[in-house]
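Colleague: starting from these lines, generate the structure:
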Amino acid sequence: MKFRFLVLVCLVLFTTAMFAAAEKVSFPSARVIRIEKEKTEDSFRIQTVLFEIVSGKFKGRRIAIENYLWDDPAYNTRVNTAMTVVLKLYSNDGKIVRAMVKGYKRDFAVIVFFAGFLLLLLFFTGWRFLRVTASFALNVSGVFFMLIPMIKKGINPVAAILAFSFFSLLATLFLITDSRQKAVASFVGTFSSVLIVVFLAFFSLKCAHVTGFYIAGARRLVSLVRASNVNVNLFLVAVSSIVAAALGMAVDVAVSISSFLSELVKRNPELSRRKIFSRGLSVGADIFSTMVNSLFFVFMGSVLPLFLSCLACRIGLIRFVNFESVSFVILQSILSSGVLVLTIPLTAFVSSRMLGKDAL
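Modeller: Take a look at the predicted model:
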């Protein structure tokens, strides 16, 4: 118990240190002192705003910045007196070389709601909260310091996501589960199904002629990799995003089934492997039935703005489905559901072999 607690503390400290060391660009918060002047051009307005930096190494310094307001509101940050925004600063030898307004300060609202979520988690899980938090922190740090650097170095995104999945599963199951049986059954069920989903994702995206160029954030990624001379295959990125979504679905189901079967055998140690396996399939069917509906609503939330715009433009359903972004989300939802079909019997089978009697 002391060793596991020490591991948790080390993981949290390591993650915090890595995040602190990873900050290479200065994005301090700044408070609006006043709007000094404003002028209008053909298609935009320019505000000259005096800011006081309230965080970072330039805290307390005042700086005047030109804030551009375009016709498209998506790119604008409209400031008012006493409002707090986020700046992007370029500095050299302790001097600010260039500054720009990057957007509204939203981290406070995010932190407040995240803190509320952690309190709920602590209330329902008790001391297990430490394990869950350490697992979450480890996965987040793994994305930033393992997965993304691997892709930036030119490693195949699918190979990178599989390597990340392997180590993420080991760490997560070690921290969350409290028995070897649960960890082994969940790992085998999850990772095996994820490997199968990789091949299904390749096949389905090729058949649907999905290039990956129209998935969320793809165009910005293209512009960034052109500037940095990094070669990123968007099709493989699309496959990797499906694998990542499938991983999250699969591990939840695998842990639920292995935990249920473990408790079932504790109450009835005489259960045969056949009965344990059938009970696992029965519970898995209930889980699958409810999670399919959840995936549908996730899909609706992803494409709702596009769906509304298609209705406004009187675009038909067939044309809507044939949009690449929509086709990709549909395939992602189907494969995320499909991974459950694979995970349930695999996890139930491994659990039955580890827990049940020899007689079938």
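Colleague: hey, let's count contacts and neighbours off CA atoms from now on
Modeller: OK.
Colleague: below-threshold pLDDT in this protein: ranges please.
Modeller: Filtered on pLDDT under 70, the chain yields the residue ranges 1-25, 71-75, 214, 216-231, 299, 357-360.
Colleague: N156 touches F235, doesn't it?
Modeller: No - taking contacts as Cα atoms under 8 Å, N156 lies outside contact range of F235: 10.8 Å.
Colleague: and these two? Which one has more around it.
Modeller: F235 (20 against 16; other Cα atoms under 10 Å).
Colleague: excluding sequence neighbours, find me the nearest residue to that one.
Modeller: G212 (4.7 Å; Cα to Cα, 6 or more residues apart in numbering).
Colleague: what packs against the longest helix belonging to the chain?
Modeller: Using DSSP state H, we find that the single longest helix of the chain is helix 273-312. For helix 273-312, the helices and strands in contact under the criterion 3 or more Cα pairs under 8 Å, 6 or more residues apart in numbering; DSSP states H and E are helix 234-267, helix 324-355.
Colleague: show me the contact partners of the following helix or strand past that helix.
Modeller: Per DSSP states H and E, helix 273-312 leads on to helix 317-322 as the next helix or strand towards the C-terminus. With Cα atoms under 8 Å, 6 or more residues apart in numbering as the test, helix 317-322 has contacts from 307, 310, 326-327.
Colleague: so S352 touches R273, yeah?
Modeller: Yes - using Cα under 8 Å, S352 is in contact with R273, at 4.8 Å.
Colleague: so these two - more neighbours on which side?
Modeller: S352 (28 against 22).
Colleague: so who does the more buried one touch?
Modeller: 272-274, 276-277.
Colleague: tell me the one of the residues you listed nearest L247?
Modeller: F277 (22.4 Å; Cα to Cα).
Colleague: pretty sure that closest one contacts M354?
Modeller: No - F277 is beyond contact range of M354, at 10.9 Å (criterion: Cα under 8 Å).
Colleague: those two: who's more crowded?
Modeller: Neighbours were counted for F277 and for M354 using other Cα under 10 Å; F277 has more, 23 against 17.
Colleague: just the CA trace of stretch 154-164, in CSV.
Modeller: Output of stretch 154-164 as CSV, limited to C-alpha atoms (Å, rounded to 0.1, in the frame of the first residue of the first chain):
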residue,chain,number,x,y,z
GLY,A,154,7.8,11.4,-38.2
ILE,A,155,6.8,8.1,-36.6
ASN,A,156,3.7,6.5,-38.1
PRO,A,157,0.7,8.0,-36.2
VAL,A,158,-1.0,4.5,-36.0
ALA,A,159,2.2,3.0,-34.5
ALA,A,160,2.5,5.9,-32.1
ILE,A,161,-1.1,5.5,-30.9
LEU,A,162,-0.7,1.8,-30.4
ALA,A,163,2.5,2.3,-28.4
PHE,A,164,0.7,4.9,-26.3
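Colleague: how close does A82 get to F51?
Modeller: Taking Cα to Cα, to the nearest Å as the measure, A82 falls 9 Å from F51.
Colleague: so what sits against both of those two?
Modeller: With Cα under 8 Å, 6+ apart as the test, A82 and F51 both reach 31-34.
Colleague: got JSON lines for those, with neighbour count and distance to L340 too?
Modeller: Listed next are these as JSON lines, based on neighbours: other Cα atoms under 10 Å; distance: Cα to Cα, whole Å:
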{"residue": "R31", "neighbour count": "22", "distance to L340": "49"}
{"residue": "V32", "neighbour count": "20", "distance to L340": "51"}
{"residue": "I33", "neighbour count": "18", "distance to L340": "54"}
{"residue": "R34", "neighbour count": "17", "distance to L340": "56"}
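Colleague: need those in a markdown table (columns: secondary structure and distance to G284).
Modeller: Formatted as a markdown table, those follow (DSSP: H, G, I helix; E, B strand; the rest coil; distance: Cα to Cα, whole Å):
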| residue | secondary structure | distance to G284 |
| --- | --- | --- |
| R31 | strand | 53 |
| V32 | strand | 55 |
| I33 | strand | 58 |
| R34 | strand | 60 |
